[in-house]
Every structure is written in C-alpha cells, then in structure tokens.
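[1] Sequence and predicted structure, then a few things I'm wondering about:
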Amino acid sequence: CRPLKQGSPQRPQQIWRDHDELPDASEYGPRREGNNPGGIPMNGITDERQRLLPHGNGNDIMGNRQQIMGTSTTEYGAAVTLASKSQPNGMVNMASRGTMLTKSYSVHANGSASYLTPLQLGRHELYEMVPFTAVFGMQQKERNISRAFASYAADLDSMEADQLSFSQNNKRMSEAELNSRRSYTSLLLLDEFEMDAVLVTTPLIIAIFVAGISQFLVGYNTSVMNSPSSVVFQGHNTFQWSVAVSAFAVGGPFGAIMAGSLVDTRGRRGALTINTYTFLGGGILQTFATNMLFITIARFIIGFASGFSSVLVPIFLGELAPPTLRGTLGTLTQFCLVTGIFVSDLLAFPLATESSWRILFSVTIILSVAQIACFPFLIESPRWLLHRDKKSRRARLIIKKLRGLRHDHEIETEVNHFISASHAQSCGDAEERTNSGGAFVAMINDDRMWKLLVCSLILQMAQQLCGINAVFYYSTMFFDGLIENPLIGTAIVGGVNVAATYVALFLMESSNRRTLILWSAGGMLVSCIGLVVCLLGYFDKMASLFFVVTFVSFFEIGLGPIPWLIVAEMFEAKYVATAMSASCQVNWACNFIVGLLFPYLQKSLGAYSFAPFAIVLLMTIIFVIIWLPETKGTTPEELRENIVRSLSTMLQLSDESTNDADTSSSVGNPIDVEWRRAMDSLRRQEEEDMKRGLFNFGFQPIEQDGLSASESDWRSRITGGA
C-alpha cells in the first residue's frame, strides 16, 4: 500500500479504509483473466464498496456471494473493526478512544498487501484450531469453530456496512437491516465451510480406502482368533493359545513407537507402505503356519502392524483432509475397525473348521494386496513435504489435486494455511516433528499439561482393563456351555458393537464427556454384576448373553470412543499427536495384560471371572467424578473470543509514546509499532535538518563552508567520513 500522509488527522478506523490512500486497479496494470488472486479489486475500491452498502429493507444485502467469498480483507474491513472480549458479542467499535487499533490484515508484517477473503480467513482459523489428526467424534468441535468464525465475520461485515452507510449517507443502518445482513453473511460462510466437508477428490478417496483397510485389518485380527480356537492345531493347551492371542497386543506398543519415528523420516506414504507390507508378511506367516509357534510369531507381527496403523492412520488422513472433514474421517476409520471385528465373526460360521481356518486367516493377505495395488495412486502428505521444504513443488502439485484447485494463487493460499497451522501446532523449532520426544518432555514440564496427560493415560488403562477385549478375544470360549452355538453369541456381540458405535456418534453430539463415561462405566459395572449372578446360577444362563451384549453396548457409548476423543479436546493442537501416541502405547500394553490373563482368570475364578473388571469400573467411576475435567467443546462465545484474539492483536502503549507520535501509530502489531516509531524518528530528524537547511534533497551537494561542528558530524555520518 502507498504510505499514509504524515500528520493526517484521520481517526484510527480510517487508516486503512480511505480508498484515496489505497492502490487503484490501474496500479496493477492490465487485468489478466483467470488470475485474480484472492479477489483483488480490478475496478477500483469505491465501486466495490458501493455494492456492499445495504439497500431497501436489508433483505437484498450483497447481491451475490462473491462479495463475501471473493472480496479481499483490504475491502472487507478487518482492520477497521475492533475486538474486545469484555463485550457480550466480542466486538466493539473503539474508534472514539483513539488509543486502540487491531492488527491489520490489509498488510503482512513485511508491508506487503494481504488479499485473504473472509472465507479464506475462516479456513485459516480452522486449520490452526483443528489438530492434524482424524479423531472419532470431532465433528462437533469443527462445527463449533465454523459457527464461531461465521458469527465473528458477520459482525465485522455488518459493522463495516454501518460505518460506510454513516460516512456516505450520514445515516445509520437500522437494527433489522444489521441483523438481516449479519444472518445472510453468516449463512454464506457456513455454506462454504460445509462444501469443504462434502467435496471429496479422487486422491483423497484412494487415501481413505487404503487407510480404511488398515483399520479394518486391525479390527479383523483383533477378533479372528476368537472363533477357531478349537480347530487350529488341536491339542494345544491354554498357555499356548493365550500367548498366541496376546502376542497381538505385545506387538502393538512396539508398532506404535516405531510409527512415531517412521512417519517423520519416511513420510506418511512411506510409513503406510511399510505398514501394509508388515500386514502382508504377518498374514502369510499366519495362513501357512505349521504349528502354534508360527501362529504366535505371526500374531506378534500383525499386532506390530496394528499398533503402527493406530498411530499412522489418524495422522495421515488428518493431514490430507480439510479441517471440516477430519472428524468425519476419524469416525469412518472407527467404523472400519468395528466392522472388521464383526466381519471376522461372520466369516467364522463357514470358515472356522478344521479344513478352512487358513482361509479365515488369508483375508489379511487379500486386503493387503488390494492396498498394494492402490500404491501408484496414493499421495504423500503435503504437510510433511512442506515441513521438509516450504518451497516444495511436489507439495503444491499434491494440494492442487487433493483440493481440486486450478489457479496458482489458490494453491499458495492453501500452502500458507498448511505452513501457518503447522507452525501454530508445533512445540518449538527443535520439536516440530509430529511425535517428537521433545514435545513429550514439554508436556511433562508443563504443570497443566502433565495433569491432563495423566488423566488421558488413566482413561486408556480403564478402557482396556475394563475387560472389553476379553469379550472380543475369548467370547466363543466364554459362551461355550452357556448357549447352544457360541458362534451365534459372538456374532451378536459383534453386530451390537457396530450398532452401538453408531449410537455413540449421536450421543457425543449432545452429551458431556464425563456424563457419557459415567453412564458407560456404570452400565458396564451393572452388566458385570449381572453376568456374575447368571454364572452363579441365579438366572438362566441365556441371560448371560444379554449382559454381555449390554456390556459391549455401554462400552461403545463411553469408554470406547471418549478416551481417544478426549485427547483431541483436552490438549492444545500442538500436543495432540504426541499425547495420542503415548495413549496408544499404554492402551496396547493394557490390552496385552487382559489378553494374556483372562483365560487364567476364567479358569481360577470361574463364575467370578468378571469381578476384577467390575472393580476396575468402580475405580473408573470414582476417578471421573473426582478428577476428570469436562472437555466437551468450548462454548461458541469462548471460541469466538479465541478467534478475536487470533485475528486482532491489540497493544496498549504508554502515554509517553502516544504523546510523541500520531495516535494512529501508537498501537497495533508490535512489529508495526516499532516500524512506525522508527519512521517517526527519521521524519523528525529530516524536518529538523530541513529547518536548518542541512537536508540533502539529492539535487546538489551541501557546501562545507559555514557548517558547525555538529553539522559536520552529520555530514560525516552520511558520507561515511569521506
């Protein structure tokens, strides 16, 4: 922008508004069709603003969505409207004070013009506030942020329109006109944000397919050993089978640890390739095993791949998907996991026999080969590429395909979103890797963060030690002797697990996290008690199936998804991936304990085999009541204030600074303030030199004769002592 005239009496809100001081379209040269970055006005600013003024009763406010979606922030007036969280709606016009000024988004810190539209600013905020992780149930948080920004931007727009109306017509807009304009603008923005959630490109579909298969295989191999326990290498003892089953959970923590390193060194796509081949190798070894030792080794390898996948898939999809789609993809991968469990239960009916159990295990091979067939079309994470090289052309090409963009300026805007969000979600220059040890140390050293980390780890322990995987690992063994066909009971439990996951999705939209966990743990506790009573013979043994079903159902509405979702809600975005990795490792370790010990619990405790799980659930309820904080998404008002603080950096300077300089230069971005102070100091020096006749206008040299000592010093400084 052209510099302001010195000493102008403009009020703060007029600094970046006066179109006489802004560049006209002619300064940009001839207009080039198809290359209008971010909605730069090509026909001058006055005409564009004239179209933004309200007409009639306010119902015909903007005429078309281009004025909101394609009008840059230079016209939008973000620099003109001030923010204050002390006001009910977070916005206040502080022009009359003359001492406060928000950070202007008309210019960057280096003085170059910024042409982000309100829609692009909204996407920018979503990128920074939503973690790069696909987590089940995070849709509500994404919608809350979208609504908060839409409300914020609508207030900015209506306030600017009111100011423009008053400045040109000396008439304020009525409350009805303001409300109508505010509502219309908010709906336009929300509509555009929703488009990001439904516009899915082919590269993203392929990535979802490949990642979804990985999560399906995690669920499938969790339960695949459940049904054929009596037909795989008959003659094995309890110890051999329990070790083979629990070896899956032994490999999980190692896979989770290795994933944290490989996703950074080999890239997300490279890590997913390694994960797929690991599944393939484990599947081949398990399918063609010759004894229980090979089955155990194969289970360890597949468990390693499953732990690897549980860390990699949320990161991979979270970095490919737009912010408004990450929660949906997290939900999709969770459904892939529970569907894998259910499918393994269904396939057990025809395949859990002495002659066909190898076919049951070969599903892992078939799906891994399908993933490998998709590798030529699988893209790398643009965030990872930009982290390694901010000028990466490959990252820009991927973003173009991934978002369906056509113009270079659109791609660069998206690149800036990635870079800015990555910086906002990093833990420092030396700790920017997604799962770095430095980030974990930073969490431990932060008093508030380590307490939240302890809460999340305790919930992960409760999720596994409550005994849910005792059902998925050994339900067939458990139902043997209780119902006529144990496979039917196992399949019913698997189907209920899928249905309960679907119900949980709606409950998480409307209920508090603590409430859901309390209902979940309480329902599971009652189910455990009922199950023990049934096994003691006080009820018909068929009733045990009912209590197992309710046990699984209550798990899925609370203790199943909430421990993972709560990580994304409790922690700052920069800590989410690290906290998720630590939680994953604890989860797998507890999974191993249950998988290994439950057969012995059943053998030694008999009817009381679920009593230890009841004790864990009781302790979980006490912990949640006393210590666990509520983490359901912040209120729209709080989100609004966060956005205001992000987009409006206000700085109150001392009275001395305001006395020395113009009001307009007394406040703003700290970088701008220092720059203005330096320029004011230089201007005053030049004015003094002009008054004394010493200022060098560049037309003729200043004569040495008649100069005082101080003036000679000035000449020496300018000429370098020559």
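    Now that the structure is in, tell me what you want to look at. Residues are numbered from 1 along each chain as shown.
[2] Low-confidence regions, the stretch 351-500 of the chain specifically.
    Applying pLDDT under 70 to the stretch 351-500 of the chain flags residues 427-440.
[3] Check the stretch 601-722 of the chain too.
    631-677, 695-722.
[4] what's the answer for the stretch 51-200 of the chain, then?
    Ranges of the stretch 51-200 of the chain meeting pLDDT under 70: 51-116.
[5] Helices of that one, start to end?
    Assigned helices in the stretch 51-200 of the chain, in chain order: 66-69, 73-76, 118-129, 139-169, 175-198 (criterion: DSSP state H, counting those that start in this stretch).
[6] now those in a markdown table, with mean neighbour count and distance to Glu688?
    The C-beta positions use only the backbone N, C-alpha and C, and glycine is treated the same way. Shown next, in a markdown table, are the helices of the stretch 51-200 of the chain (neighbours: other Cβ atoms under 10 Å; distance: least, Cβ to Cβ, whole Å):
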| stretch | mean neighbour count | distance to Glu688 |
| --- | --- | --- |
| helix 66-69 | 19 | 47 |
| helix 73-76 | 25 | 35 |
| helix 118-129 | 23 | 43 |
| helix 139-169 | 21 | 37 |
| helix 175-198 | 18 | 49 |
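[7] closest one to Ile315 among those helices?
    Among those, helix 118-129 comes nearest to Ile315, with 15.3 Å by Cβ to Cβ.
[8] how far off helix 139-169 does the closest one point, in degrees?
    For helix 118-129 against helix 139-169, the angle by axes from the mean of the first three to the mean of the last three Cα atoms, to 10 degrees is 140 degrees.
[9] Packing partners of helix 118-129?
    Contacts defined by 3 or more Cβ pairs under 8 Å, 6 or more residues apart in numbering; DSSP states H and E place helix 118-129 against helix 66-69, helix 73-76, helix 139-169, helix 175-198, helix 408-424, helix 636-647.
[10] could I get these as CSV with distance to Leu280?
    Listed next are these as CSV, based on distance: least, Cβ to Cβ, whole Å:
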stretch, distance to Leu280
helix 66-69, 46
helix 73-76, 50
helix 139-169, 33
helix 175-198, 33
helix 408-424, 32
helix 636-647, 44
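[11] coming back round to it: with distance to Gln334 added, can I get the helices of the stretch 51-200 of the chain in a markdown table?
    Listed next are those as a markdown table, based on distance: least, Cβ to Cβ, whole Å:
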| stretch | distance to Gln334 |
| --- | --- |
| helix 66-69 | 33 |
| helix 73-76 | 38 |
| helix 118-129 | 22 |
| helix 139-169 | 12 |
| helix 175-198 | 17 |
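[12] so which of those helices gets nearest Asn221?
    Nearest of these (Cβ to Cβ): helix 139-169, 28.1 Å.
[13] Go ahead and measure how far the closest one is from the middle of the chain.
    In terms of Cα atoms, centre = their mean, to the nearest Å, the centre of helix 139-169 is found 24 Å from the chain centre.
[14] and the angle from that helix to helix 175-198?
    Using the same axes, to 10 degrees: helix 139-169 against helix 175-198 is 140 degrees.
[15] Against which helices or strands is helix 139-169 packed?
    helix 45-52, helix 73-76, helix 118-129, helix 175-198, helix 326-351, helix 486-510, helix 636-647.
[16] what's the closest of the ones you listed to Gln168?
    That would be, of the helices and strands packed on helix 139-169 and by Cβ to Cβ, helix 45-52, which comes in at 8.3 Å.
[17] Backbone dihedrals for Arg692, please?
    phi -90, psi 0 (degrees, to the nearest 10).
[18] Could you do Asp480 as well?
    According to degrees, to the nearest 10, Asp480 has phi -60, psi 120.
[19] residues in contact with Gly330?
    133-138, 314, 317-318 (Cβ atoms under 8 Å, 6 or more residues apart in numbering).
[20] Determine which two of these are furthest apart.
    Gly137 and Leu317 (14.6 Å).
[21] So between these two, which is more surrounded?
    Leu317 (28 against 23; other Cβ atoms under 10 Å).
[22] Skip the chain neighbours and tell me the closest residue to that one.
    Closest residue to Leu317 apart from its sequence neighbours, by Cβ to Cβ, 6 or more residues apart in numbering: Ala134 at 4.1 Å.
[23] Buried residues of whichever helix in the chain runs longest, list them for me.
    Identified as the longest helix of the chain according to DSSP state H is helix 573-605. For helix 573-605, the buried set under the neighbour-count rule, 16 or more other Cβ atoms under 10 Å, comprises 573-592, 594-596, 598-599, 601-602.
[24] if we can go back for a sec, looking at the helices of the stretch 51-200 of the chain, which is closest to Lys541?
    helix 139-169 (41.4 Å).
[25] Tell me what angle the closest one forms with helix 486-510.
    20 degrees.
[26] angle of helix 139-169 against helix 326-351?
    Using the same axes, to 10 degrees, helix 139-169 lies at 160 degrees relative to helix 326-351.
[27] burial measure for His386, as a count.
    Let me fix one detail, which is that residue 386 is Leu and not His. Other residues close to Leu386 by other Cβ under 10 Å number 21.
[28] can you check Ile366 too?
    11.
[29] what's next to stretch 366-381, contact-wise?
    With Cβ under 8 Å, 6+ apart, stretch 366-381 has contacts from 203, 206-207, 209-210, 213-214, 216-217, 267-270, 272-273, 276-277, 279-280, 283, 315-316, 319-320, 394, 398, 401-402.
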